[in-house]
Every structure is written in C-alpha cells, then in structure tokens.
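**Q** Okay, sequence plus prediction incoming.
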Amino acid sequence: MNDIKLLKAIENNARTSLKELSLMLNESEEDISKALYRLEEDKTICGFHTVINYDKTSVENVTALIEVGATPRRDTGYDSIAEEIYKFPEVSTMYLMSGKSEFIVIIRGKTMKEVSDFVSRKLAVIEGVNRTETYFVLKQYKVEGIVLEDEETEDNRLRVKL
C-alpha cells in the first residue's frame with residue numbers, strides 16, 4: 001500500500017468511503033482500513049476536520065492571526081514558548097516561521113474583545129514574548145482548499161474599449 005497515494009486521496013475529503021478508496025487505489029478495503037489505523041496511530045493523520053463557513057450561521061465567530069515576536073530561551077529555544085502558547089484552548093493553529101516574526105498563532109473567539117483580552121492577558125505576558133501584532137479576519141474566501149463564496153459576484157466595473 002502506498003501511504004502517500006492514500007493520504008492524497010483523503011486529504012480533501014476525509015469522508016471518502018473505504019469502498020471508494022479501494023477502487024481508486026486498487027487495494028482491498030481491509031488493507032486500506034489497516035493503513036488508515038496505522039497512520040492515525042503514528043500521528044501521520046492527526047485528525048479529521050470540517051470546514052465551516054460561520055458567516056452562514058448565527059454563531060458569533062472572530063478569527064485572528066497573531067504575529068508573535070519572541071526571544072528563544074537558553075535551554076529550550078522556541079519550543080517551550082510555543083508549548084505555553086499552543087496549550088491555550090483559544091489557539092487553533094500555530095506555526096514557527098521565518099521572517100519578521102517567530103510565530104503565527106491563529107485563534108478563534110466570539111468577539112474582537114475576547115480576542116483582544118486573550119492577547120493582552122495571556123499571550124503578551126508569556127516570558128520570552130516581546131511583540132504581538134493582531135490581524136482580524138474580515139472575510140474568508142477560501143479555507144483549506146475550499147472556496148466559501150458560492151454566489152456569483154456581479155462585476156459593475158465600466159468596460160474599457162481599446
């Protein structure tokens with residue numbers, strides 16, 4: 001069984017059935033099931049998630065991307081700072097980056113005030129964090145490869161004839 005082909009097959013649709021995967025990959029359903037279990041156990045597959053367009057619900061939801069500047073700690077570098085940050089339940093995603101900031105942290109909250117409180121009371125006070133810049137998501141167009149806009153937007157620009 002080619003693990004990479006299996007991962008590519010489920011990457012954009014984790015709900016693909018074993019039967020469909022079997023046909024796509026020319027493998028038995030039992031072999032695919034065993035491979036999926038093994039890939040989950042060794043943390044190659046880390047979860048199955050649903051992309052939700054909260055703009056189409058009545059749920060209040062604010063997403064923020066936060067650039068975090070940090071000074072590495074003597075014995076642990078950035079890893080212990082990262083661990084302190086990603087353990088907060090508000091943090092949905094976190095990356096160590098190259099560039100002007102050490103981390104990008106993505107959080108979700110009910111309101112901008114809730115996000116602001118998280119940054120000022122929990123994130124900024126962590127030893128080693130020396131700078132934060134918060135960017136609020138105003139509109140989502142595409143998430144995890146899925147286009148969220150399903151309505152055609154009317155083009156009202158004037159046509160220019162050459």
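**A** Nice, I can see it. Numbering: from 1, shown residues only.

**Q** mind checking the SS state of the residue nearest the centre of the chain?
**A** The residue lying closest to the centre of the chain (Cα atoms, centre = their mean) is T93, at 5.1 Å. What DSSP: H, G, I helix; E, B strand; the rest coil gives for T93 is strand.

**Q** what's the closest non-adjacent residue to it?
**A** Leaving aside its sequence neighbours, T93 sits nearest to I106 (Cβ to Cβ, 6 or more residues apart in numbering; 4.1 Å). (Glycine included, C-beta is placed from N, CA and C.)

**Q** Sticking with the one you found, tell me its helix or strand.
**A** In this structure, I106 is located in strand 103-109 according to DSSP states H and E.

**Q** Which SSE is immediately downstream of that strand?
**A** Counting by DSSP H and E, the next helix or strand C-terminal to strand 103-109 is helix 112-118.

**Q** helices and strands around that following helix, which ones?
**A** Using 3 or more Cβ pairs under 8 Å, 6 or more residues apart in numbering; DSSP states H and E, the elements in contact with helix 112-118 are strand 62-70, strand 103-109, strand 129-136.

**Q** Taking strand 129-136 as reference, get the angle to the shortest one.
**A** Just to be clear, that refers to strand 103-109. Strand 103-109 runs at 50 degrees relative to strand 129-136, counting by axes from the mean of the first three to the mean of the last three Cα atoms, to 10 degrees.

**Q** Just checking: what are the partner strands of strand 103-109?
**A** strand 62-70 (antiparallel), strand 91-96 (antiparallel) (DSSP bridges).

**Q** for it, what is the average pLDDT?
**A** Here the mean pLDDT over strand 103-109 is 96, rounded to a whole number.

**Q** Dump it to CSV, keeping only the CA atoms.
**A** These are the backbone C-alpha positions of strand 103-109, laid out as CSV (Å, rounded to 0.1, in the frame of the first residue of the first chain):
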residue,chain,number,x,y,z
PHE,A,103,5.3,32.5,15.4
ILE,A,104,2.0,32.9,13.7
VAL,A,105,-0.9,32.0,16.0
ILE,A,106,-4.4,31.6,14.8
ILE,A,107,-7.2,31.9,17.3
ARG,A,108,-10.9,32.0,17.4
GLY,A,109,-13.2,33.9,19.7
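
**Q** Great, nothing more from me.
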